[in-house]
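Engineer: Predicted structure and sequence below. I'll ask about it afterward.
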Amino acid sequence: MAGRGCVFLMYHELEMPGRALCQSEPGYVRYILRASAFREQMQWLKQSGYRGLSVSEALQYATQPNVSITFDDGCETDLIAAALVLREFGFRATFYLTAGFLGTPGYLNLDQVRELDASGFEIGCHSMTHPYLPDLADADMKREIIDAKLRIEEIVGHRIDHFSLPGGRYDARTLEMARSAGFRTVATSQAHANTSATNPYKLGRVAIYRDTALGDFGAICQGRGLWKKQLRDWTRHGLQRVLGNRAYDQVRAALLR
Ligand SMILES: [Zn+2]
């Protein structure tokens, strides 16, 4: 990762015709792209000369232009939609799985996780049950970070190096536990590119939304205008600190309605 750095893109479930989403509230759906829109973005990357990389690859390669492609939550569409598109364009990606959701309706089952892993995609960890980690006592946080890592390692049969934070929430305790659990990196939801100088336990990622236009997507991949998103992040984090996570979510849900 050299120069201006590498942008890490953050995706979630993809919408497929005739398939119900895992959740339906507006705060969730705004992160859900139609599979066709995701394909247009990957096509844009390919035509613009970008390589789509997993997190491990992005940390390793300095050649530009690259983006890292990441998915949170472990929805079934990681395999039945995203992986097909990624393969079409010759891209890799990292799929961060919520260990406790695997095998439940709409999420990957264990065979599907092994299939993703065996077909050259990278598997990461996104906690056990998707709570806001800073809200937890140590014992619960351990289950969400350490036990989740062990559970996913057991499924794929090898070590898991990368963790992404549910809801992007973290504090010093969270990052220290991820480090001591043996994770090599932690991905936040903060909109900045990553360079060799970036703390690997605070990797930035840029959320791609349902309504992200292709022109905006191009700007994001080039790292343009990320400071505006960062400013919005800081405002949001300030509000979260003042209100607490739960009250913040209620306010946010009211605003999105
Ligand atoms: Zn998530």
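Structural biologist: Done, it's in.

Engineer: Just the pLDDT for residue 247.
Structural biologist: You'll see residue 247 listed with a pLDDT of 78.

Engineer: Would you mind measuring from it to residue 171?
Structural biologist: Distance, residue 247 to residue 171, using Cβ to Cβ, to the nearest Å: 18 Å. For glycine as for every other residue, the C-beta is placed from the backbone atoms N, C-alpha and C.

Engineer: likewise residue 215?
Structural biologist: 36 Å.

Engineer: swap in residue 145?
Structural biologist: In this view, residue 145 and residue 171 are 13 Å apart by Cβ to Cβ.

Engineer: Looking only at neighbour counts, state which of these two leads.
Structural biologist: A direct count of neighbours by other Cβ atoms under 10 Å for residue 145 and residue 171 places residue 145 higher, at 25 against 11.

Engineer: How many residues are close by residue 64?
Structural biologist: 14.

Engineer: can you give me the strands for the chain?
Structural biologist: For the chain, applying DSSP state E gives strands covering 7-11, 14-15, 33-34, 51-53, 66-71, 94-97, 122-125, 162-164, 185-187, 206-207.

Engineer: helices and strands around the second one, which ones?
Structural biologist: Contact here means 3 or more Cβ pairs under 8 Å, 6 or more residues apart in numbering; DSSP states H and E; on that basis strand 14-15 packs against strand 33-34, helix 35-47.

Engineer: What's the mean pLDDT across it?
Structural biologist: What strand 14-15 shows for mean pLDDT is 98.

Engineer: Name the strands paired with that strand and say parallel or antiparallel.
Structural biologist: Paired neighbours of strand 14-15 in the sheet (DSSP bridges): strand 33-34 (parallel).

Engineer: Tell me the residues of this structure that contact the ion?
Structural biologist: 72, 73, 166 (Cβ under 5 Å from the ion).

Engineer: Now flag whichever of those residues is closest to residue 226.
Structural biologist: Closest approach to residue 226 among those (Cβ to Cβ): residue 72, at 19.0 Å.

Engineer: and the residue of the stretch 101-250 of the chain nearest the ion?
Structural biologist: residue 166 (4.9 Å; Cβ to the ion).

Engineer: What is the neighbour count of residue 140?
Structural biologist: 14.

Engineer: and of the strands of the chain, who's closest to residue 233?
Structural biologist: strand 206-207 (9.8 Å).
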